[in-house]
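Visitor: just coords:
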């Protein structure tokens, strides 16, 4: 799995799946998550959460993202997309 930089808000070159695990949004066996693009931060805090270590980064010129639990509307959209994908 790839590296992640930040806590709650991650650099755009962080692993999305690992960020989801770190934030507690998804479990090791996967799950549905919503990724939201955010503006860049001046400093990304390192931490250990759910057994996963993130790294710190300063003065990043990249954009950011956070990983959150989707609403029921997002879950319905994903379900409909899966049905259409396999039709």
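Guide: Thanks, I have the structure now. Values in this document were obtained by computation on a predicted structure and should not be read as measured data.
Visitor: okay, now residue 67: neighbour count?
Guide: Residue 67 has 23 neighbours, counted by other C-beta atoms under 10 Å. Bear in mind the C-beta positions are built from the backbone N, C-alpha and C, glycine included.
Visitor: list the buried ones in the helix or strand it falls within?
Guide: According to DSSP states H and E, residue 67 maps onto strand 64-68. The neighbour-count check on strand 64-68 (16 or more other C-beta atoms under 10 Å) flags 64-67 as buried.
Visitor: and which of those is nearest residue 24?
Guide: Of all these, residue 24 sits closest to residue 67, with 9.3 Å by C-beta to C-beta.
Visitor: for the closest one, what are its contacts?
Guide: 10, 16, 19-20, 23, 25-26, 33-36 (C-beta atoms under 8 Å, 6 or more residues apart in numbering).
Visitor: and which of these is nearest residue 43?
Guide: For those, the nearest to residue 43 is residue 10 (12.7 Å; C-beta to C-beta).
Visitor: for this structure, give me the ranges with low pLDDT.
Guide: Counting by pLDDT under 70, the chain contains low-confidence ranges at 61, 73-87.
Visitor: centroid residue for the protein?
Guide: residue 67 (3.4 Å; C-alpha atoms, centre = their mean).
Visitor: tell me how far that one lies from residue 59.
Guide: 23 Å (C-beta to C-beta, to the nearest Å).
Visitor: same question, residue 21
Guide: On the measure of C-beta to C-beta, residue 21 and residue 59 end up 26 Å apart.
Visitor: what about the two, which has more around it?
Guide: Taking other C-beta under 10 Å, residue 21 and residue 59 do not tie; residue 21 has more neighbours (23 against 9).
Visitor: this protein: helices as residue ranges?
Guide: With helices called from DSSP state H, the chain shows them at 16-23, 72-85.
Visitor: nothing else from me, thank you.
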